[in-house]
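> coords please:
(2 chains)
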Amino acid sequence: MPMEKTFSPAEAEARISALWIDQKVGRVGANAKPGAEAFSIMIPPPNVTGSLHMGHAFNNTLQDILIRWHRMQGHDTLWQVGTDHAGIATQMVTERDMAEHQEPNRRTMGREKFLARVWQQKVKSRGTIIGQLQRLGASCDWDREAFTMSGAPGAPAGEDGNFHDAVIKVFVDMYNKGLIYRGKRLVNWDPHFETAISDLEVENIEVAGHMWHFKYILADKQSYEYIEKDAEGHVTLREMRNYISIATTRPETMLGDGAVAVHPSDARYQSIIGKMVHLPLCDRLIPIIADEYPDPTFGSGAVKITGAHDFNDYQVAKRNTLPMYRLMDTRATMRADGAPYADAVKRAREIAAGSPTDENEVDALNLVPEKYRGLDRFEARKQVVADINALGLCVSTLHSEIDPETGSEHLTREPFVEAKKIMQPFGDRSKVVIEPMLTDQWFVDTAKIVGPALDAVRSGATKIIPESGEKTYFHWLENIEPWCISRQLWWGHQIPVWYGLNLDAPDFADDEGDDALDEVEILNFLGDGGHVDREARHHCAAEFATVSERFRDDLAALPHPLNNARIVEVADRHAAATLLAQSLADYNLSQDPTHLAYPIWRDPDVLDTWFSSGLWPIGTLGWPEQTPELQKYFPTSTLITGADIIFFWVARMMMMQLAVVDEVPFKTVYLHGLVRDAKGKKMSKSLGNVIDPLEIIDEFGADALRFSNAAMASLGGVLKLDTARIAGYRNFGTKLWNACRFAEMNGVWEGHKTQAQPPKATATANQWIIGETAKALSEVNAALKDYRFDNAADALYKFVWGKVCDWYVEFAKPLFDGPDAPETRATMAWVLDQSMILLHPMMPFITEDLWGTTGTRAKLLVHTDWPTYGAELINTEAATEMGFVTSLIEEIRSARAQVHVPVGLKCDLVATDLSPAARTAWTRNEALIKRLARIDTLTEGPAPKGSIAVAVEGASLSIPLAGLIDIAEEKARLTKTMDKLAKEIGGLKGRLNNPNFAASAPEEVVDEAKANLALREDEAAKLQAALKRLAEIG
RNA sequence: GGGCGGUUAGCUCAGCGGUAGAGCACUACGUUGACAUCGUAGUGGCCACUGGUUCGAUCCCAGUACCGCCCA
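Reported below is the predicted structural model:
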C-alpha cells in the first residue's frame, strides 16, 4: 500500500504510543549494552491533581530527548516518573470537588475520613497527567511510577511504597542530629487555609493602599519642642508638641504595639527617647525606643512596632525585647479568646513593669479591646481609624465647605490619609492577604546543612546551567533563612512527634514515704493546675512504640506510682489533661496503680510538601534500602526543571540529599524559564492566553510541539511559543515524510534492511550526502552534549530539509536514470534511515512510524543504535565538487530570475573560463546542472554577445540570450552586484593596507582576508568583462 | 531598594573579537519524476545609545536609557 501524502499524527501517535507502552520501551535499563554507563533523570514530579501545561510539555520534551538519545546509544537509562502529593493544592482541589458534590466539609467529616477522600481524589486524578505525558511521547519507565506519599498510613491498596517511611526516617534522623527544631516564630499565615506557608508561596503584589497618620500622646502630660529642618539645615517648622506622629498602612495592628521606634540619629526625637506614650484605644503605655530600623526621611520618621504582625517589627521587637502580642486568630479575625480585656491589660502592664513572664503567657494574653474582638481584620481597621479619629488623634487637615443654603462656611477636620501603592503579600494558592503570625512551627536549621550544598556547586560536583543559575543559587543559599516545614493541613506526612504533659515536680515530696499518692499529695503535685499551662515535653520517633519508650524514661523520674503509668495516645492536649485528671481521680479512689495513665498526643501538623519532594531523588530509588537502582542510578545525571523552583526544590534537594546520604542528587542541573505566549506574556487564565499543549498536539501533532520546544531551548533564552512556528515544524515533518514517499516511489525501500554503515558510493552526490550525514551527526552530538537543544534542532532542520530534501533528492532524480541507480537507492535508504534515527529523540512518532514502514527492522527505532561514524565518511573532494555544482546552479537560477528569463525556457550555458577543478565538476555533473538550472546544452567557448553573465569560483560563464533580454536590465543587475563587491573589496583592502593589521592580527586571519580579496577581485573582473561586452552591443 | 538577565531583519530568536544568520511574515514567479503542510528567486539590519580597550567591537569594559524576571 503506497504511503499517504502526509503523516496523520492522530492515528499514528495513539498506535505508536500504545506500542511503546506495551513493549515497555522506557523500562529501566532498556536497550542497555552490557556494562554500559548509567544515565538517569528524575522527572520533576507534577502535582498529582494537576494537568499538563506548556511548561510541563517543554520540560518533559527536553528530558525525553536526552533519555532517548542516551538509550539509543546503549546507555543504561532510567527516567523516573511520578507525581507529587502537593499538600495545599490537593487539599484545595479535593475540598472544591467536595463542595461541588454537596459533600460535608472537611471539618464535619473529620481528619481520617477526609484523608480517605483525598486519596480517592488522588487515584482519580493521577491518570490525567500520566496520560498527558504519554501523549507527548515521554518514554518514562511507567512501571516505576512513584508518589511522594506512597505507603503513608491510610493509603489505599495499590498505593504502597516506602516514600512515606523515607520521609519520616529523614525527619527523625535530622531531629536527632539537631537539624530540626520547634519554635515560636513569625511566619506567613494563610488565613484561608489556616496554615503557615513558605515565603516562596507568597506573592507580593503592589496594590492601592493607604497610609494613616496617628498621634500617640506623651505620658504624664509631657511635651517637647519639635523642629524640622530642610536639606540646608534651615528650620522649616518649630512647635511644641505633646505627641509623636506615626504612620501606618495597617491601623488595626496598633492594638498590639509594643513601642514606637525612632532612628537613633533622628534629631527631632532625641529628647523623648525613653519616654512613654499612651497607646490610643488601649489602656496601655508604650515606650519610645531608638532603633536603626526606622527611616528618618520617610513619613514622620517614627514607626509603631507590632512585633507579632510584621516581619520588620518582629526583628525590632526581638532586638529590644519588646513583648509581642498576637491580635488575631487562625482566620485572621480579631481574637475573641482569653480573659476580658481589663484583666489582660492589667497583666500586660505588670509585664511591662518587669514582672517575669514567658512567650506562652504573652501569646495567651488577648489585648484586643472588647469592642474589636471577633471582627474581621479589615472591619477592625475601619473601626480603629474611626475611633482614633473621633478621639482627635488622627493627623488631620482642615476641610472647608460652603453650605449651599446659608452660604456659611463649615470647617471640618478630616483625617489625613495618603493614597499609596503598597506591596501586599498574597497566598499564591488562596489569593487572600497573608498575615504575619506568631505561631509554633517546626524548622529545619538550614544554616547547619547549607554548607555542603554550596560547596558542591562551587567545586563543580554539581553544575548548574545556564551559569546565571549558579549565581542565583549562591545568592539565595548564602542568605538562607530557617525553613519552616510544618503546615497546618491534613493532607501530607504527619509530623512524627508526640507531646506529653510536663509533670516534673522538683519540689514534690512523698510526705509519708509510702510510695503511694494520697489526695493531698496529688493536689500538691498538680499545684495550681501547673501542668496545664506548662510547655509540653515532646519526643520524636518514627512510631508510637519507640516514642512511648522515651516518655517512659521521662516518667521514671516521677514519684511512684506515677512512674509506672501506662502510656496512652489521645487526640490532643485537651484530651490529655482530661484523661490525666480522670486517671488520677480513679487512682485516688482505687489506689490501683494500673489505673494510672499518662496520655500523649501526636503533633497534628504535616510536613511542607517540599520537605518530601526534597527527597525525590533517593526516595524514588527505594532509600533507605540499598536497592540496586539506588546504587546504579544515584547520583542522577541531569535534572531539568524550571528556574522558578531553584529555591523551592533544587536547593532543597541539594541540601537534603547531602544531609541524608552525603552525596549530590544530580551532576547537572538544567534550568529553563517560563514558557510564554508568542508576545512574551505569561500565560494566565485571566489573560486568556493559555495554550493547552493537548490542543497543540491535536492540531499539529506531538512531534511538531516537541521540535518547537527543542528549537526554542537556547540556554537562558526566553521561551515564546508561537503557533506559526509549530506549524512550520509540522511542515518539516511532512517534508521528511514526503522524501520517504519519494524514495518509496523510486524503489528505494524495496528489500531494504537497516544498514549501520553507508554503502560504498562512487557517485559524487552520494559521497557528498554521506559526508553531510556524518557532519549532521557530529553537530547533533556536540549540541546535545552541551544541552544546546536549539542548535541540535537547527542542525537537523538544515540537514534534512536544506541538504537531503532540497539538494540530494533532486540530485538523485537523474541518477536514478543512470548506471548509479542501485548505489543511489542504497544511499538514499541509508541517508533517510539516518535522518529518522537522528530526528527520533525530537520527533519520535513520525520517525518510528516511517521506520516501521520502510524496511525490515531488527528493533523499534526507539531501541535502534545511535550511529558512531565520524569524519571518515566525509569526502572533501566530493564536498568541494558539490559545492561548485550547487553554487553554480544557484547563481544561474538567480541570474535568470533577475532578468526575467521565463522559468519554462531552457537555455544554453557557455563556459568561457574553467579552472581544472571546475572543469572536472562541470563534466561530471552535467546532468545535474542541466536539470536543476534548466539548461539545454553545456558548451565551452567564448562568451557570446548578448548573454547574461554568471561568475562562480573557478568559472566564468554566460547564458546566450540575444534578443531575449533587456540589456539595460542586465546592466543594472551586474552593476548592483559590482557595487556590493566593490564595498567588500574596499573593506578588505582597507584592512590589508593597514600596517597594524598585518603586524597584529593572527596569520590565518590575514591569509583569509587576502584569499577573500583575491576571490572578490576575480569575480569583479569577470563581471567587469561581462559589462564591457554588454556595452559593445549597446 | 537588592540580585540576575535582555535590547540584532516586520515578528520570534541564534551568533558573541575579523563589517551579520535562521524560521516565520512579506514580494514576484511557479517548471514531467516526493511534498502547495511545496518549489525558485528576492526585499528587508547605524546589531538600543555614549564613551573606552583593540590593527579591528554586534561581540570585551564602563556608563546611560528602556524592557523583563527573581527577591525585599
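> close enough to count as contact, residue A:941 and residue A:912?
Yes: assessed by Cβ atoms under 8 Å, residue A:941 is found in contact with residue A:912 at 7.2 Å. Placement of C-beta: from N, CA and C, glycine included.
> Would you mind telling me which of those two has more residues around it?
Neighbour count, other Cβ atoms under 10 Å: between residue A:941 and residue A:912, residue A:912 has more, with 18 against 9.
> which SS state does that one fall under?
Assigned with DSSP: H, G, I helix; E, B strand; the rest coil, residue A:912 falls in the strand class.
> what's the helix or strand for residue A:165?
Assignment of secondary structure by DSSP states H and E places residue A:165 within helix A:163-176.
> got it, and residue A:929?
Going by DSSP H and E, residue A:929 is in helix A:926-933.
> how about the residues of the stretch 151-300 of chain A that lie near RNA strand B?
A:199, A:200, A:202, A:204 (Cβ under 7 Å from any atom of the strand).
> Show me how to select, in ChimeraX, the buried members of these.
Here is the ChimeraX command that selects the buried residues among those (16 or more other Cβ atoms under 10 Å):
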select /A:200
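> Of the residues of the stretch 151-300 of chain A next to RNA strand B, which belong to strands?
Of the positions in those, A:202, A:204 sit in strands, assigned by DSSP state E.
> what's the most distant pair in the residues of the stretch 151-300 of chain A next to RNA strand B?
Longest distance between any two of these is 11.4 Å, between A:200 and A:204; criterion Cβ to Cβ.
> is RNA strand B contacted by stretch A:851-858?
No: Stretch A:851-858 stays clear of RNA strand B (Cβ under 7 Å from any atom of the strand), getting no nearer than 13.6 Å.
> First-to-last residue distance for that stretch?
11 Å (Cα to Cα, to the nearest Å).
> Work out the gap between it and the centre of the chain.
Its chain's C-alpha centre and that of stretch A:851-858 lie 40 Å apart, by Cα atoms, centre = their mean, to the nearest Å.
> give me every residue that touches the most centrally placed residue in chain A.
Nearest to the mean C-alpha position of chain A, by Cα atoms, centre = their mean, lies residue A:642 at 2.6 Å. By Cβ atoms under 8 Å, 6 or more residues apart in numbering, the residues touching residue A:642 are A:44, A:55, A:59, A:671, A:672, A:673, A:674.
> Okay, and residue A:826 sits in which element?
Per DSSP H and E: helix A:821-839 holds residue A:826.
> for the record, mean pLDDT for that helix?
Throughout helix A:821-839, pLDDT has a mean value of 95.
> now do stretch A:115-131
Stretch A:115-131 comes out at a mean pLDDT of 87.
> quick one: contacts of the helix holding residue A:165?
The contact list for helix A:163-176, computed with Cβ under 8 Å, 6+ apart, reads A:146-153, A:155, A:180, A:444, A:493, A:495-497, A:540-542, A:607, A:611-612, A:615, A:618-620, A:623-624, A:656, A:659-660.
> Go through these and flag which are in strands.
Per DSSP E, the contacts of helix A:163-176 map to strands at A:146, A:147, A:180, A:444, A:497, A:540, A:607.
> List the beta-bridge partners for the fourth one.
On the basis of DSSP bridges, residue A:444 is bridged to residue A:180, residue A:483.
> what about it, neighbour count?
By other Cβ under 10 Å, neighbour count at residue A:444 equals 25.
> where does chain A dip in pLDDT?
Scanning chain A for pLDDT under 70 picks out the ranges A:1, A:504-534, A:677-681, A:684-689, A:716-717, A:1034.
> Longest helix in it, by number of residues?
When chain A is parsed with DSSP state H, its longest helix is helix A:1003-1032.
> and it, which residues are buried?
So, applying 16+ other Cβ under 10 Å, buried residues of helix A:1003-1032: A:1006, A:1009, A:1012-1013, A:1015-1016, A:1019-1020, A:1022-1023, A:1025-1027, A:1029-1030.
> Please apply the same query to stretch A:109-124.
By neighbour count on 16+ other Cβ under 10 Å, the buried set for stretch A:109-124 is A:109, A:114, A:115, A:117, A:118, A:119, A:121, A:122.
> Pretty sure residue A:836 sits against residue A:851.
Yes: using Cβ under 8 Å, residue A:836 is in contact with residue A:851, at 5.3 Å.
> joint contacts of the two?
residue A:861.
> I'd like to know how far the residue of the stretch 151-300 of chain A found nearest RNA strand B sits from residue A:424.
Nearest residue of the stretch 151-300 of chain A to RNA strand B: residue A:199, at 4.0 Å (Cβ to the nearest atom of the strand). Separation of residue A:199 from residue A:424 (Cβ to Cβ, to the nearest Å) stands at 14 Å.
> for residue A:933, same thing?
70 Å.
> So these two - more neighbours on which side?
residue A:933 (22 against 16).
> Which residue, other than its chain neighbours, is closest to that one?
residue A:892 (4.1 Å; Cβ to Cβ, 6 or more residues apart in numbering).
> number of nearby residues for residue A:17?
Residue A:17 has 21 nearby residues by other Cβ under 10 Å.
> residues contacting it?
Listed by Cβ under 8 Å, 6+ apart, the contact set of residue A:17 reads A:134, A:135, A:137, A:845.
> So the third one is in contact with residue A:67, correct?
Pointing back at residue A:137 there. No: if you go by Cβ under 8 Å, residue A:137 and residue A:67 don't touch, sitting 11.0 Å apart.
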